[in-house]
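S.K.: Give me a model of this one.
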Amino acid sequence: MFERITFDQKIMGGRACLRGMRIPVSVIVGQIAHGASFEEILEGYPDLDREDIQQSLEYAAWLTKEEVHPIEAQN
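M.R.: Predicted coordinates:
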């Protein structure tokens, strides 16, 4: 499903990274969250391509798909 997202205990302690590189998905998603454009990220990480950034966002979105059960107010 996410062929560009890799997990390896020897790389960044097993955190989600891009294509086995020492570039955590969380770093890329964090940069997008703080307003960086794809072009700015690609300038800073020349080993990445647009598909890596896109899949990082898709993976982050997938992680947020959880079922929420609101807690009922207690009297």
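S.K.: Could you list the low-pLDDT ranges of this structure?
M.R.: When residues are selected by pLDDT under 70, those of the chain lie in 67-69, 72-75.
S.K.: Now with 90, please.
M.R.: Applying pLDDT under 90 to the chain flags the ranges 1, 65-75.
S.K.: Can you give me every residue that contacts the spatially most central residue of the chain?
M.R.: The chain has V25 as the residue nearest its centroid, 3.3 Å off, counting by C-alpha atoms, centre = their mean. By C-beta atoms under 8 Å, 6 or more residues apart in numbering, V25 lies in contact with 5, 15-18, 56, 59-60. Yep, even glycine has a C-beta here, placed from its N, CA and C like the rest.
S.K.: rerun that using 10 Å as the cut-off
M.R.: With contact set as C-beta atoms under 10 Å, 6 or more residues apart in numbering, V25 has these partners: 2, 4-6, 12, 15-18, 52-53, 55-57, 59-60, 63.
S.K.: what's the answer for R4, then?
M.R.: 17-20, 25, 48-49, 51-56, 58-59.
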